[in-house]
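Participant: how does the following fold in three dimensions:
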Amino acid sequence: MNQQLKKSLDELKNEYPSFEEQIFLNDFPPNTKEEWLNEIYKVLEKSGKPKDLSAISWKTLDGFVVPPFYRKEDLENLKFILDYPGVYPFTRSKKFTQSWEVVQYIQGELEEIQEKIEQTTRRGADALLLPIGDRNYPFIFYGSSISLSQFAELQSYLKNFSFQTHFVGSSIDLYRLIDTYGVKGNILFDPFLDYLLDEDGSIYESELLEIVKKNLTSPFAFIAVRGDVFQHSGLPPAMELGFTISAFAEILNILHDGGIPLVEVLPKITLVQAIGSLYFLEIAKLRATRRLIAFVLQGFSVTDYKEGPKQFAVSSLFHHSIYDIHNNILRNTLSAMGAILGGVDSLVVFPITAVNQTDDEFSRRIAINTQLILKYESHFDYVVDPAGGSYYIENLTDLIMDKAWKIFLEIEDQGGFRKAIENGYIQKQIKDFQKSRIEQIKSRREFLLGVNQFPNPKDFIIKEFPTLQLMGKYNENHNSTKTIQLFRAATFFEELRLKTELLSEEKGIPLVQLIPFGNLAMQRARASFILNFFGCGGFEVDDPGDLKSKQEILDFIEKFNNPRIKTFVLCSSDPEYLEMFKEIRDVILSKEVPVIVAGLPETADQLRQLGIYDFIHIRSNLYEKLIEYQKLFFNL
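Facilitator: Next comes the predicted model:
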C-alpha cells in the first residue's frame with residue numbers, strides 16, 4: 001500500500017469511535033418516534049393545546065402539511081431514496097459534481113452593456129445573461145433590452161470574450177433572433193411566453209418545429225420553459241412546478257408529433273426556475289423537478305437519456321423590496337444557496353436594486369460575489385446533493401412531487417398546457433391564487449422583513465433614489481382572462497409608504513403618540529407592536545416609555561402641543577384600559593385627535609361609547625388600516 005495513503009487511513013481512524021467508545025454509545029440508545037411524540041404531547045397539554053401535531057405543523061402555501069419533525073423510518077417508503085447522483089432518474093443530480101455556472105445578468109444601452117461586460121471579466125463570472133428585443137419587463141427580468149437592430153454590433157463585440165452567453169426576451173424577439181442571426185449562445189426561447197403575458201399567440205407549432213429542425217445539431221440550447229413567470233406571478237413551489245412541467249410536456253408533445261427524436265432535443269431545452277426565500281422548499285422543488293422530468297419522459301417511452309434539460313435558476317424578485325433594500329442581499333443568499341444545493345446547472349443572482357429597474361457597479365458586484373463566496377469560501381461545490389439523506393428535505397421532495405404531479409394531471413385533463421392557456425384555465429388558477437396570496441401579504445400572515453414587518457423608520461427612498469421606476473406593480477383592475485400578471489409582494493406597501501413620503505414633504509410626517517402605562521410587560525409588547533404597525537406606513541411613532549401614574553399621563557398629554565400628532569395610542573394590558581381611560585378621557589379628547597387602543601379588550605364596546613376611535617390588534621388587516629389612517633392623517 002502507498003505509504004502516504006496508509007498514513008491518511010491511520011489518521012482517519014482517529015475520526016471514528018473506538019470499540020470501547022461504541023460500547024459506551026450503546027448505553028444511550030436513540031429515542032423512538034413514539035417517545036418523541038409523547039414528549040411533544042406533554043408540552044402541548046401543559047400549554048392548553050390539543051394533543052394534535054397539526055397545532056405545531058406547517059401548512060404551506062401549496063396546502064400540504066409539514067409535521068414538526070421527521071425520523072429515519074419516514075424515509076423507508078420514499079421510492080427515490082436509493083437513487084444515485086448522476087444516474088437516471090437524476091433526482092439527486094444530473095452530474096457527478098456539484099459545480100454550477102456562475103452567470104451575470106447585464107442590461108442597459110449598448111455602450112453601457114459593453115462597459116459592464118468589461119467589468120464582468122474581472123468579477124469571476126462564467127457566463128452572461130443578456131436581455132434581447134423590443135419588449136422589456138416582464139418578458140425580461142428587469143431593466144432594458146438590447147434592440148435587435150443593435151444585436152449585430154453586440155455579437156461582434158462578444159467575440160472578444162470567452163464567456164458562455166445566454167439570451168432572454170419575448171418569444172417573438174427570440175424567434176427573430178434565431179431566424180435571422182447566427183447566434184452563438186443559449187437562447188431562452190419559450191413558445192408560450194408571449195401568449196401568457198400579452199395574449200400574443202404568434203408562436204405556434206410550425207415555428208417551433210422549424211427552429212428545432214434547423215438547429216438540432218447546434219451545440220447551444222434554444223428552447224426554454226420560463227417557469228420563473230409562475231413564481232413571479234405569486235405561485236408557491238409545487239403549483240409553480242406543476243405548471244412548469246406541464247409546459248415542458250406540451251413542448252415534448254409538439255416535437256414528438258413533428259417527428260423530432262426527443263433524446264436528441266432534450267439537451268437543447270432549458271427550464272428556467274426562480275428560486276425564492278423558502279429555502280428548504282426550494283431545494284426540494286429543484287430535486288422534484290428532475291424526477292418529474294423523468295416521469296413525463298416515460299410517457300414518451302424515453303427512459304434512457306444521459307443528458308436531460310438544463311436547469312437554469314434565477315434569484316426570485318417576488319419578495320424583494322426597495323425599502324430596507326439591503327435585506328435583498330439576505331434574500332439573494334437564501335435563493336442562491338437553495339439553487340446550488342438543489343443542483344442547478346446555471347445560476348443568476350440579481351442585483352439588490354433590480355426592483356427599481358436598474359443596477360450599478362456595487363449592486364452587480366455584490367450579486368456576483370454572493371455566488372463566488374458560496375463557491376470559493378463556503379465550498380458549496382464540494383459535495384453532490386448535500387440534501388441527500390435529510391429526513392426533512394427528502395420528505396419535502398416527495399410532497400412537492402406528489403402535489404405538482406396532481407396539478408400536472410389536472411392540466412392534462414384540460415387537454416394539455418396549450419389548450420389550458422387557450423381556454424383560460426391556467427390564467428384562472430393563477431388569478432384565484434393571487435387573490436389569496438395578496439390577502440395574506442396585506443394582513444401580514446406572510447411576513448416581508450422591512451416591508452410589512454419590522455420596517456426601518458429612517459428609510460426614505462425619495463431621497464435615496466432620484467429616479468423611481470419600481471417594477472412589478474399589481475393591477476387590481478386587470479380583467480383579462482387570457483393573460484397573467486407578474487408582480488412583487490412588496491409593491492402594495494411600497495406604494496402606500498411612497499405616498500406617505502410625498503405627502504409628508506408638504507405637510508410633515510404624521511406622528512403617532514403612544515401613551516404606555518400599567519403592566520410593564522404588556523405595555524412594552526403593545527408599544528412595540530404599534531411602532532411596527534404604523535412604521536409600515538411610513539408614519540413616525542413616539543414612545544415616551546412607561547408613564548407610571550394617572551397624573552404622569554395627564555401631565556404628559558398637557559405639555560404636548562405638537563401639531564404633527566395625529567393620534568394617541570393607549571398601550572397597556574386589557575383589564576387596565578377602561579378605568580384609566582375614564583380618568584384621562586376629558587383631557588385626552590380635548591386634543592381633538594383620535595384615541596386608539598392597542599389590542600381588543602373585552603371592554604371594547606364600553607370604550608368605544610366613551611370615545612375610543614379604534615382598536616389596533618393582531619387580527620387587524622395591516623394594509624387596509626394603514627390606507628384608512630393615511631387618509632385620516634392627511635385629510636384625503
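Participant: how about the spatially most central residue of the chain: what's its closest non-neighbour residue?
Facilitator: Residue closest to the average C-alpha location in the chain (CA atoms, centre = their mean): residue 276, at 3.0 Å. Once flanking residues are discounted, residue 276 sits nearest to residue 316: 3.9 Å by CB to CB, 6 or more residues apart in numbering. All C-beta spots, glycine's among them, are computed from the backbone N, C-alpha and C.
Participant: distance check, that neighbour against residue 236.
Facilitator: Noted for residue 316: a distance of 12 Å to residue 236, by CB to CB, to the nearest Å.
Participant: what does residue 274 give?
Facilitator: From residue 274 to residue 236 the distance is 12 Å (CB to CB).
Participant: tally of neighbours for residue 72?
Facilitator: As a burial measure, residue 72 scores 10 neighbours (other CB atoms under 10 Å).
Participant: strands of the stretch 101-250 of the chain, start to end?
Facilitator: Using DSSP state E, counting those that start in this stretch, the strands found in the stretch 101-250 of the chain span residues 101-105, 127-131, 164-168, 186-187, 223-226.
Participant: which helix or strand contains residue 505?
Facilitator: Secondary structure from DSSP states H and E places residue 505 in helix 491-507.
Participant: and that helix, how far from the chain's centre?
Facilitator: Relative to its parent chain, helix 491-507 has a centroid offset of 25 Å by CA atoms, centre = their mean, to the nearest Å.
Participant: tell me the buried residues in that helix?
Facilitator: 491-494, 496-500, 503-504 (16 or more other CB atoms under 10 Å).
Participant: re earlier: of all the strands of the stretch 101-250 of the chain, which one is nearest residue 479?
Facilitator: Closest to residue 479 of those, according to CB to CB: strand 223-226, at 23.6 Å.
Participant: restricting to C-alpha, output that closest one in PDB.
Facilitator: The C-alpha atoms that make up strand 223-226 are tabulated as PDB, following Å, rounded to 0.1, in the frame of the first residue of the first chain:
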ATOM      1  CA  ILE A 223     -35.800  26.100 -26.300                       C
ATOM      2  CA  ALA A 224     -36.900  27.100 -22.800                       C
ATOM      3  CA  VAL A 225     -39.700  26.800 -20.300                       C
ATOM      4  CA  ARG A 226     -39.900  30.100 -18.400                       C
END
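Participant: so what strands line up beside it?
Facilitator: Strands that pair with strand 223-226, judged by DSSP bridges, come out as strand 269-275 (parallel).
Participant: how about the strand it pairs with as CSV, C-alpha atoms only?
Facilitator: What follows is strand 269-275, C-alpha atoms only, in CSV (Å, rounded to 0.1, in the frame of the first residue of the first chain):
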residue,chain,number,x,y,z
ILE,A,269,-34.1,22.6,-23.6
THR,A,270,-33.7,24.8,-20.6
LEU,A,271,-36.0,25.0,-17.6
VAL,A,272,-35.8,28.5,-16.1
GLN,A,273,-36.8,28.4,-12.5
ALA,A,274,-37.0,31.3,-10.0
ILE,A,275,-35.7,30.4,-6.5
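Participant: now the angle from that strand to strand 164-168?
Facilitator: Counting by axes from the mean of the first three to the mean of the last three CA atoms, to 10 degrees, strand 269-275 lies at 80 degrees to strand 164-168.
Participant: coming back round to it: name the helices or strands packed onto the helix holding residue 505?
Facilitator: helix 425-442, helix 461-464, helix 622-633 (3 or more CB pairs under 8 Å, 6 or more residues apart in numbering; DSSP states H and E).
Participant: quick one: buried residues of stretch 52-66?
Facilitator: Those would be 60-62, 64, 66, for stretch 52-66 by 16+ other CB under 10 Å.
Participant: so of those residues, which ones are in helices?
Facilitator: Using DSSP state H, no member of the buried residues of stretch 52-66 falls in helices.
Participant: one step back: would you put the C-alpha positions of the helix holding residue 505 in PDB?
Facilitator: The C-alpha trace of helix 491-507 is given here as PDB (Å, rounded to 0.1, in the frame of the first residue of the first chain):
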ATOM      1  CA  THR A 491     -45.400  46.700  -4.100                       C
ATOM      2  CA  PHE A 492     -48.600  47.300  -2.100                       C
ATOM      3  CA  PHE A 493     -46.700  48.600   0.900                       C
ATOM      4  CA  GLU A 494     -44.100  50.400  -1.300                       C
ATOM      5  CA  GLU A 495     -46.800  52.500  -3.000                       C
ATOM      6  CA  LEU A 496     -48.500  53.200   0.300                       C
ATOM      7  CA  ARG A 497     -45.300  54.300   2.000                       C
ATOM      8  CA  LEU A 498     -44.100  56.300  -1.000                       C
ATOM      9  CA  LYS A 499     -47.400  58.200  -0.900                       C
ATOM     10  CA  THR A 500     -46.800  59.000   2.800                       C
ATOM     11  CA  GLU A 501     -43.300  60.300   1.900                       C
ATOM     12  CA  LEU A 502     -44.700  62.500  -0.900                       C
ATOM     13  CA  LEU A 503     -47.500  64.000   1.300                       C
ATOM     14  CA  SER A 504     -45.100  64.400   4.200                       C
ATOM     15  CA  GLU A 505     -42.800  66.600   2.200                       C
ATOM     16  CA  GLU A 506     -45.600  69.100   2.100                       C
ATOM     17  CA  LYS A 507     -47.400  68.500   5.400                       C
END
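Participant: name the nearest residue to residue 520, ignoring sequence neighbours.
Facilitator: residue 546 (6.2 Å).
Participant: okay, now the one you found: neighbour count?
Facilitator: 14.
Participant: now swap in the one 5 residues further on and tell me
Facilitator: The criterion is other CB under 10 Å. On that basis, residue 551 has 11 neighbouring residues.
Participant: cool, residue 600 as well?
Facilitator: By other CB under 10 Å, neighbour count at residue 600 equals 14.
Participant: hang on, it packs against residue 608?
Facilitator: No: using CB atoms under 8 Å, residue 600 makes no contact with residue 608, being 11.2 Å away.
Participant: could you point out which element follows the lengthiest helix in the chain?
Facilitator: As assigned by DSSP H, the longest helix anywhere in the chain is helix 391-413. Counting by DSSP H and E, the next helix or strand C-terminal to helix 391-413 is helix 417-422.
Participant: list the buried ones in that following helix?
Facilitator: 417-418, 420-421.
Participant: lowest average confidence, helix or strand, in this protein?
Facilitator: Least confident helix or strand of the chain, by mean pLDDT, DSSP states H and E, is helix 19-25 with a mean of 59.
Participant: and the next element down the chain from it?
Facilitator: Following helix 19-25 in sequence, per DSSP H and E, is helix 33-46.
Participant: list of residues touching that next one?
Facilitator: For helix 33-46, contacts defined as CB atoms under 8 Å, 6 or more residues apart in numbering pick out 50-53, 55-56, 68-69, 71, 73.
Participant: of the residues you listed, closest to residue 330?
Facilitator: Closest to residue 330, out of all of these and judged by CB to CB, is residue 68, at 24.6 Å.
Participant: isn't that closest one right up against residue 55?
Facilitator: No: in terms of CB under 8 Å, residue 68 does not count as a neighbour of residue 55; the distance is 9.4 Å.
Participant: ok, residue 479 - contacts?
Facilitator: So residue 479 contacts nothing (CB under 8 Å, 6+ apart).
Participant: that one in helix, strand or coil?
Facilitator: State at residue 479, reduced to three classes by DSSP: H, G, I helix; E, B strand; the rest coil: coil.
Participant: can you give me the pLDDT of it?
Facilitator: pLDDT, residue 479: 83.
Participant: from residue 431, how far out is it?
Facilitator: 10 Å.
Participant: again, but for residue 259
Facilitator: Taking CB to CB, one finds residue 259 at 37 Å from residue 431.
Participant: tell me which of those two has more neighbours.
Facilitator: residue 431 (19 against 8).
Participant: any figure for the gap between the more buried one and residue 494?
Facilitator: 22 Å.
Participant: now swap in residue 63 and tell me
Facilitator: For residue 63 relative to residue 494 (CB to CB), the value is 29 Å.
Participant: show me the contacts for residue 630.
Facilitator: Residue 630 neighbours (CB under 8 Å, 6+ apart): 496, 499-500, 503, 537, 636.
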